[in-house]
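Asks: Sequence below, structure please.
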Amino acid sequence: MERTPSLQERVGISKTAVIVVDMQNDFVDPDGANSRWWRRRASAEPTDLSGMTRLQGQVVTAIDRLVASARVAGVPVIWARTVNSAQTNARFWLSENQVLCQAGSWGCEIIGQLTPAERELVVTKTRHSAFFATPLDSILRRGQIETVVVAGTATHGCVEATVRDAMTLDYWAVVLGDCCGQADHPAHEQALVRMDRLFGIATDSPRVIAAWQGTLRTAHGRPAGGRRRPGADTMTSGAGRPKVVYLVVCGAPRAARAGELVERLSAAGWTTCVIASPQAVKFIDVARLERLTGYPVRSAYKDPGTPDLLPPPDALVVCPATFNSVNKAALGVSDTLALGLITGALGAGLPLVIAPALSAHQAAHPAFTRSVETLRSAGATVIYGDGAYTPVMPGESETGYRWETVLEALASASTSGAQASRRTLPSSDLAMASTVTNRRGTL
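Replies: The predicted model follows:
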């Protein structure tokens with residue numbers, strides 16, 4: 001059935017907020033009180049608990065992706081959590097032996113995989129609905145919000161109660177089936193049907209993310225929240241959109257200073273997206289890099305069928321490039337997103353600048369010299385030798401790295417690339433990452 005207004009019209013960036021409901025340890029974690037309660041119930045009577053595994057895995061991943069997309073689009077994210085005490089515990093819950101989310105307890109905390117960002121609101125509630133006896137309605141009206149996109153748990157409990165109240169208060173309610181869950185999966189599916197018929201639209205997160213992404217693409221190819229230094233001119237590609245560079249960051253101490261390079265790239269007119277190897281995530285400040293670029297930091301391949309959140313690149317800079325990543329790239333290994341991008345850029349003929357960071361002992365290994373030669377012969381610019389970069393001895397700290405060397409190499413490679421017959425690699429070919437928290441691998 002076609003809805004009026006359409007889903008795309010309802011979830012417009014300027015009038016929508018995401019509400020994440022009750023993604024707390026007691027409700028989600030296998031050791032949480034709610035999980036223990038359901039297991040006790042299942043031992044007493046046949047109960048389908050397939051939804052518990054789904055909630056703890058697929059749903060968490062989908063919410064993480066939704067929240068990252070909302071932040072990029074500039075859509076506010078509000079976290080609703082249950083906090084109770086001896087004074088506020090509902091008599092009905094007590095009668096069911098469900099003492100959940102007690103103030104100050106581990107069970108009350110939002111799960112570690114989903115962390116509210118600085119300045120994102122956390123609304124505390126004591127009952128199912130995020131609207132009941134909370135300031136949520138006044139917060140939304142002050143922000144001129146018309147649509148709430150609801151995710152969380154339990155679908156037939158706190159999520160549905162929130163959606164019902166949203167409709168009663170005259171908001172457009174959109175509930176995302178892939179971002180909601182509960183232990184009893186059949187009840188989850190029944191609740192989605194009920195909410196879609198009576199209280200709002202039940203859909204999935206890729207459709208909402210695609211609507212936001214479509215809006216961002218019309219804004220001159222630059223996301224809301226993306227930052228550039230005042231006075232810097234944005235370079236444009238032949239298609240008239242801003243030129244995009246992917247900064248691929250590998251796991252070395254220089255990665256901790258990636259924000260400095262992002263600022264210099266922005267000042268030079270580049271729209272920058274950061275891709276981190278799994279090991280680089282240990283060094284970087286993800287939140288700061290996302291604020292500087294306006295895009296999520298990626299470190300893993302995206303899930304099949306999910307929309308691309310990053311614009312396609314016109315060039316790649318790998319800085320720092322570790323001994324491991326240089327050698328793997330030369331061999332054509334692409335077992336992580338970072339390596340997949342590097343090897344893909346070589347095949348596509350994109351301008352590619354590689355700035356190694358390694359010890360003098362690693363640099364002396366014959367494999368490294370061969371790898372540098374292989375990458376250069378394939379068209380990459382490798383900043384190594386001729387005084388451009390001097391490896392340090394093991395245990396020594398690298399100091400005074402000249403970012404200008406990288407910028408100069410990128411400018412030169414981009415000019416050469418513009419003169420050659422090069423094409424832009426679509427972001428779909430690059431298999432964009434799903435979430436930073438979903439990280440595996442050894443790069």
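Asks: distance of Glu404 from Ala388?
Replies: Distance, Glu404 to Ala388, using C-beta to C-beta, to the nearest Å: 11 Å. Heads up, the C-betas are built off the backbone N, CA and C, glycines and all.
Asks: Neighbour count: these two, which is higher?
Replies: Neighbours of Glu404 and Ala388, each counted by other C-beta atoms under 10 Å, are more numerous for Ala388; the result is 14 against 9.
Asks: Hmm, Thr405 and that one touching each other?
Replies: Yes: contact between Ala388 and Thr405 holds when scored by C-beta atoms under 8 Å: they sit 6.1 Å apart.
Asks: Which helix or which strand is home to Ile275?
Replies: strand 271-276 (DSSP states H and E).
Asks: Mean confidence (pLDDT) on that strand, please.
Replies: In this model, strand 271-276 has a mean pLDDT of 92.
Asks: May I have that strand as CSV, with CA atoms only?
Replies: The C-alpha trace of strand 271-276 is given here as CSV (Å, rounded to 0.1, in the frame of the first residue of the first chain):
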residue,chain,number,x,y,z
THR,A,271,36.6,16.1,0.8
THR,A,272,38.1,13.4,3.0
CYS,A,273,36.8,10.0,4.2
VAL,A,274,38.8,7.9,6.6
ILE,A,275,39.2,4.2,6.3
ALA,A,276,41.0,2.4,9.2
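Asks: name the helices or strands packed onto whatever helix or strand comes next after that strand?
Replies: Once the chain leaves strand 271-276, the next helix or strand it forms, by DSSP H and E, is helix 286-293. Contact analysis of helix 286-293 by 3 or more C-beta pairs under 8 Å, 6 or more residues apart in numbering; DSSP states H and E lists helix 258-267, strand 271-276 as its packing neighbours.
Asks: Report the angle between the last one and helix 286-293.
Replies: It stands for strand 271-276. What separates the directions of strand 271-276 and helix 286-293 is an angle of 160 degrees, with axes from the mean of the first three to the mean of the last three C-alpha atoms, to 10 degrees.
Asks: ok and strand 271-276 relative to helix 258-267, angle-wise?
Replies: Computed by the same axes, to 10 degrees, the angle between strand 271-276 and helix 258-267 is 160 degrees.
Asks: related to what we said a few turns ago, in terms of secondary structure, what does the strand holding Ile275 contact?
Replies: So strand 271-276, by 3+ C-beta pairs under 8 Å, 6+ apart, packs with strand 244-249, helix 258-267, helix 286-293, helix 337-348.
Asks: Go through it and flag the buried ones.
Replies: Counting neighbours by 16 or more other C-beta atoms under 10 Å, one finds that the buried residues in strand 271-276 are 271-276.
Asks: could I get those as CSV with distance to Val60?
Replies: Conversion of the buried residues of strand 271-276 to CSV gives the following (distance: C-beta to C-beta, whole Å):
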residue, distance to Val60
Thr271, 30
Thr272, 28
Cys273, 24
Val274, 23
Ile275, 22
Ala276, 20
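Asks: Ala211: which of these is nearest?
Replies: Of all the buried residues of strand 271-276, Ala211 sits closest to Cys273, with 20.6 Å by C-beta to C-beta.
Asks: That closest one pairs with what?
Replies: Applying DSSP bridges to Cys273 gives these bridge partners: Tyr246.
Asks: got the contact list for it?
Replies: 244-247, 293, 295, 298, 310-311, 313 (C-beta atoms under 8 Å, 6 or more residues apart in numbering).
Asks: Among those residues, find me the one that's closest to Val148.
Replies: Tyr295 (24.5 Å).
Asks: From Cys273, how far off is that closest one?
Replies: Shown here: Tyr295 relative to Cys273, a distance of 5 Å by C-beta to C-beta.
Asks: go on, Asp303?
Replies: Noted for Asp303: a distance of 18 Å to Cys273, by C-beta to C-beta.
Asks: likewise Ala154?
Replies: From Ala154 across to Cys273, the span is 36 Å (C-beta to C-beta).
Asks: One more: Ile209?
Replies: Taking C-beta to C-beta as the measure, Ile209 and Cys273 are separated by 16 Å.
Asks: quick one: the strands in the stretch 51-200 of the chain?
Replies: Taking DSSP state E, counting those that start in this stretch to define them, one finds strands in the stretch 51-200 of the chain at 77-82, 122-125, 147-152, 172-180.
Asks: any chance of these in JSON lines, plus mean neighbour count and distance to Ala380?
Replies: Supplementary listing: the strands of the stretch 51-200 of the chain in JSON lines, determined by neighbours: other C-beta atoms under 10 Å; distance: least, C-beta to C-beta, whole Å:
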{"stretch": "strand 77-82", "mean neighbour count": "22", "distance to Ala380": "39"}
{"stretch": "strand 122-125", "mean neighbour count": "17", "distance to Ala380": "46"}
{"stretch": "strand 147-152", "mean neighbour count": "28", "distance to Ala380": "42"}
{"stretch": "strand 172-180", "mean neighbour count": "25", "distance to Ala380": "39"}
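Asks: Throw the ones you listed into TSV and include distance to Met393 and mean pLDDT, thanks.
Replies: Output for these, formatted as TSV (distance: least, C-beta to C-beta, whole Å; pLDDT from 0 to 100):
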stretch	distance to Met393	mean pLDDT
strand 77-82	46	95
strand 122-125	47	93
strand 147-152	50	98
strand 172-180	50	96
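Asks: how about those strands in JSON lines, adding distance to Ser359?
Replies: Formatted as JSON lines, the entries for these read as follows, by distance: least, C-beta to C-beta, whole Å:
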{"stretch": "strand 77-82", "distance to Ser359": "42"}
{"stretch": "strand 122-125", "distance to Ser359": "44"}
{"stretch": "strand 147-152", "distance to Ser359": "45"}
{"stretch": "strand 172-180", "distance to Ser359": "44"}
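Asks: Minimum distance to Thr53: which of the ones you listed has it?
Replies: Between Thr53 and the strands of the stretch 51-200 of the chain, the shortest separation by C-beta to C-beta is 14.6 Å, and it involves strand 172-180.
Asks: Parallel or antiparallel, list what pairs with that closest one.
Replies: Applying DSSP bridges, strand 172-180 is found paired with strand 147-152 (parallel), strand 201-203 (parallel).
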